[in-house]
Structure formats: C-alpha cells, structure tokens
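Student: Quick one: sequence plus predicted model below, questions after.
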Amino acid sequence: MMIDLKNSTISFEDGYSAIGAVDNVAGYPIGTTTMIVDGFVGQVPVGARLTIDGVAGFTVVSTVETVLNTTSITFSPALTAAVTDADVILAGPRFLDIKVGEGNLTWSEKKAREYKLDRGLLDQVRDGDQQPMDVSFQLMYEELTAGTPATDPPTPEDVLKRRDPADEWLNTDPANCNVFAINISLIHNPALCVGVKKEKVVLPKFRYEQLDHDPKAGTISCQGKCNAVEAIVTRFA
C-alpha cells in the first residue's frame, strides 16, 4: 500500500501526559461534552488529546480547577458511548494537526556495523554505535506565528521553537535537561480502501536543525534529527 500524504495527517506532539477518572456515580450518557473528573494533578491543558474509557479522538476545550487540580473537563466532540463512574481518562499530549495537501516527510534510519577481520578475511559483524534518525519535511504555511498567542493555535514554527502559544509545551525528551524536542506523528487513513487498516508512524524526540523559508512558494523546509534509532509504527482499525 502506497502512503499518500493527501490521505494523511501529520501531528506535532509534546510530552504532556496525565491520568484521571470519571467522577460521577451516575456516569454520563451519549452526547455529553462536560464531565466531573478526579485524580488529575495540576491543570489539564486546553488543546490536549483525551482518551475516555479507551476511546480516543477527544480534545480538551476548557477546564475547571479546584485547589489547582482539574476537576471538570469540557471536550469535543461529544461522547459516542456512555461512560461509568471511575472509567479511566488519559490526557495528553498537546498537539498540532497539519493536514498535508502538498509537501513531503522523509526519515532515514541508520545502523552502524563493524566488520571484523580474521587474518585479513571478513569474519564477524558487530553493531557499532547507535545513530540518530535523520528527518526532513516540507509543508505549506499561511503564517509563521500566531497573531493572538493567548487564543490562536500555534503555527508549526511556533511549536518547533516552543514560543508564544506553544511556550508551555513539554519536552518529549527531558532526560538530563535535554534541548526541547517534539514527537512527529503521521497517521495514514486510506478511507477509500476497504479492509485496509490505518497506520501510525511516530518519529520520537525530534529537534530541528535547519529551517528554510520560501515565502513565494509559501513553504517551510525543515531538517533535523530524532534522538531515537527507529520510527514507532502501529496499525489499527
């Protein structure tokens, strides 16, 4: 199956994640968009993904806090199945979806090998040092930064530079105070192909190293590396 970017969505994702639960003895019916919750420590950020009782695809619209912890979440779209008290809610990451019409995304996985000789003849082969993945992409843009950071969603460049609406995004590779990184996620959804599953590719811990701008064409070209040796690929219904 050929991956056509016109049938794909690329997402930039941060490192935020939290777990809580439904807090209502009666549960909530289909069509609900606001729920009382418990178990969350701190504020669940607006714009984060939500998975409710194993069902993904929800986004945080607003929250209410009690003693600095989120105790109510309004989300979109509405529930398509009823939930019960104590059902698990997973929050995160923050994300920016980019629907690609024109452009490309490529990555290169490298494996260093050490070839050992025995009296001048090829013999053993061993793994060498790990190598980071090279990643590059080109996409079209309308604006380089958000006009109103407090309310507008971040642009791709805002996210890459962790500024304005994205200045609170969390590092996906925070060990040892590493430089800010994001995950790049590509979901291929061949909707017209009956029986073909969706495929998700995650390029983890990406940092950009070069941004090339072409205002005439309205494109940004980006090159960088992932602090990982290979992509994470899953398929799902």
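Tutor: Yep, it's here. This structure is a prediction, so every number in the text was calculated from the model and none was measured.
Student: In the record's domain split, what are the boundaries for this structure?
Tutor: With automatic domain parsing as the criterion, the domains of the chain are listed as 5-11+99-236, 15-94.
Student: okay if I get those as TSV plus mean neighbour count and mean pLDDT?
Tutor: The way it works is simple: take the backbone N, C-alpha and C, and place the C-beta from them, glycine included. Below are these laid out as TSV (neighbours: other Cβ atoms under 10 Å; pLDDT from 0 to 100):
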stretch	mean neighbour count	mean pLDDT
domain 5-11+99-236	15	88
domain 15-94	16	96
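Student: tell me, which strand in the chain spans the most residues?
Tutor: In terms of residue count, the longest strand belonging to the chain (DSSP state E) is strand 198-214.
Student: Give the partner strands of that strand in its sheet and their orientations.
Tutor: Strand 198-214 has the following sheet partners, assigned by DSSP bridges: strand 182-188 (antiparallel), strand 219-226 (antiparallel), strand 232-236 (antiparallel).
Student: how about those in JSON lines, adding distance to Leu139?
Tutor: Formatted as JSON lines, the strands paired with strand 198-214 follow (distance: least, Cβ to Cβ, whole Å):
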{"stretch": "strand 182-188", "distance to Leu139": "11"}
{"stretch": "strand 219-226", "distance to Leu139": "6"}
{"stretch": "strand 232-236", "distance to Leu139": "21"}
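Student: For Arg119, which of those strands is the nearest?
Tutor: strand 219-226 (38.7 Å; Cβ to Cβ).
Student: Show me the contact partners of the closest one.
Tutor: Applying Cβ atoms under 8 Å, 6 or more residues apart in numbering, the contact partners of strand 219-226 are 103, 107, 132-141, 156-157, 160, 203-214.
Student: now the helices for the chain?
Tutor: 156-161 (DSSP state H).
Student: ok, the residue of the chain most remote from its centre to Ala78 distance?
Tutor: Most distant residue from the mean C-alpha position of the chain: Arg119, 50.5 Å away (Cα atoms, centre = their mean). From Arg119 across to Ala78, the span is 73 Å (Cβ to Cβ, to the nearest Å).
Student: How about Gln131?
Tutor: Taking Cβ to Cβ, one finds Gln131 at 46 Å from Ala78.
Student: Repeat that for His213.
Tutor: Taken as Cβ to Cβ, the span from His213 to Ala78 is 40 Å.
Student: And Tyr16, by the same measure?
Tutor: Using Cβ to Cβ, Tyr16 is found at 23 Å from Ala78.
Student: Next: Lys225.
Tutor: From Lys225 across to Ala78, the span is 40 Å (Cβ to Cβ).
Student: next one: Asp53
Tutor: Distance from Asp53 to Ala78, counting by Cβ to Cβ: 14 Å.
Student: What score does Asp97 have for pLDDT?
Tutor: Asp97 carries a pLDDT score of 87 in this model.
Student: count of neighbours near it?
Tutor: Asp97: 13 surrounding residues under other Cβ atoms under 10 Å.
Student: was I right about Gly47 contacting Val60?
Tutor: Yes - counting by Cβ atoms under 8 Å, Gly47 touches Val60, with 6.3 Å between them.
Student: Between the two ends of stretch 168-183, what distance do you get?
Tutor: Terminal residues of stretch 168-183 lie 15 Å apart, using Cα to Cα, to the nearest Å.
Student: Name the residues that touch that stretch?
Tutor: Contacts of stretch 168-183 (Cβ under 8 Å, 6+ apart): 12-16, 45, 93-94, 159-160, 162, 202-207, 227.
Student: Could you report the distance from the nearest residue to Tyr115 once chain neighbours are set aside to Ser108?
Tutor: Spatially, and ignoring its direct neighbours in sequence, Tyr115 is nearest to Val125 (5.6 Å; Cβ to Cβ, 6 or more residues apart in numbering). As for Val125, its distance to Ser108 is 21 Å (criterion: Cβ to Cβ).
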